[in-house]
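Peer 1: Got a sequence here, can you build the structure:
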Amino acid sequence: MITPIKNGSILNRSVLVLNTNYSPMDICTARRAICLFYNEKVDILESYHEAVHSPSVTLSLPSIVKLKDFVKHHKMDVVLSRKNLMIRDKHQCQYCHTKKGSLTMDHVLPKNRGGMDSWENLVAACQSCNRKKGNKTPEEARMPLKRFPKKPNKIHYFQQFIQEKQTAWRPYLFMESF
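Peer 2: Numbering: from 1, shown residues only. Below you'll find the predicted structure:
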């Protein structure tokens, strides 16, 4: 039995992509991983329990793939975006820790006072806290941050994708030994 997942299709399931030296590079969809496999760009190292079928082929759904050719890839940066900021802050207001309602991005040092759009100056905030803080610093508004904002690296970012179905990812993301 195939369990339904958030994105609607098992082809949208997350797949960890490793370089030839087994270092984590990216996360893609199972659909993309299958295309890479049939184009002989990757080897499948681990699979989920589900399988995908065509009229002539059955393939276990990939969970971890490894590139066949080394890709020079030194960047471990995570792109600053609203989605990635919310993931870093665990979809919680960094002032009151609520997860209710829609969240906004708040500048710790307000823009009109020289605050930049950076990992170290942006936090998730509920609309109520964002309005209450206004154009003040957390100290001036007497609203201390629950957690100091910092730039994530890809390893920490990838670790947040691990769910029950991705336990095989743990050794590749330095969360346990092989």
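Peer 1: got the domain boundaries for the protein?
Peer 2: With domains defined by automatic domain parsing, the chain comprises 10-74+154-173, 78-152.
Peer 1: Endpoints of the last one, how far apart?
Peer 2: I take that to be domain 78-152. Using C-alpha to C-alpha, to the nearest Å, the end-to-end distance of domain 78-152 comes out at 7 Å.
Peer 1: ok, and the closest non-adjacent residue to the residue nearest the centre of the chain?
Peer 2: With distances taken as C-alpha atoms, centre = their mean, Y157 lies nearest the centre of the chain, 4.7 Å away. By the measure of C-beta to C-beta, 6 or more residues apart in numbering, the closest residue to Y157 outside its immediate chain neighbours is V78, 4.8 Å from it. For every residue, glycine as well, the C-beta is placed using N, CA and C.
Peer 1: Identify the residues contacting the helix or strand containing D43?
Peer 2: Here D43, judged by DSSP states H and E, is contained in strand 42-53. With C-beta atoms under 8 Å, 6 or more residues apart in numbering as the test, strand 42-53 has contacts from 2, 10-11, 13, 17-18, 30, 33-34, 36-37, 58-68, 165, 168-169.
Peer 1: And for stretch 156-173?
Peer 2: Contact with stretch 156-173 is made by 13-14, 16, 18, 22, 24, 27, 46, 48, 63-64, 78, 84, 87-88, 155, 175-178, as judged by C-beta under 8 Å, 6+ apart.
Peer 1: Restricted to buried residues, select those in PyMOL.
Peer 2: Applied in PyMOL, the following selects the buried portion of the contacts of stretch 156-173 according to 16 or more other C-beta atoms under 10 Å:
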select buried, resi 13+14+16+18+24+27+46+48+63+64+78+87+88
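Peer 1: Would you map the helices across this protein?
Peer 2: With DSSP state H as the definition, the chain shows helices at residue ranges 30-38, 82-88, 127-133, 154-159.
Peer 1: how about low-confidence regions in the chain?
Peer 2: Applying pLDDT under 70 to the chain picks out residues 1-8, 74, 178.
Peer 1: I'd like to know how many residues surround S128.
Peer 2: The local packing count at S128 equals 14, with neighbours defined by other C-beta atoms under 10 Å.
Peer 1: one step back: list the contacts for the residue nearest to Y157?
Peer 2: Under the contact definition (C-beta under 8 Å, 6+ apart), the residues listed for V78 are N84, R88, K151, P152, N153, K154, Y157.
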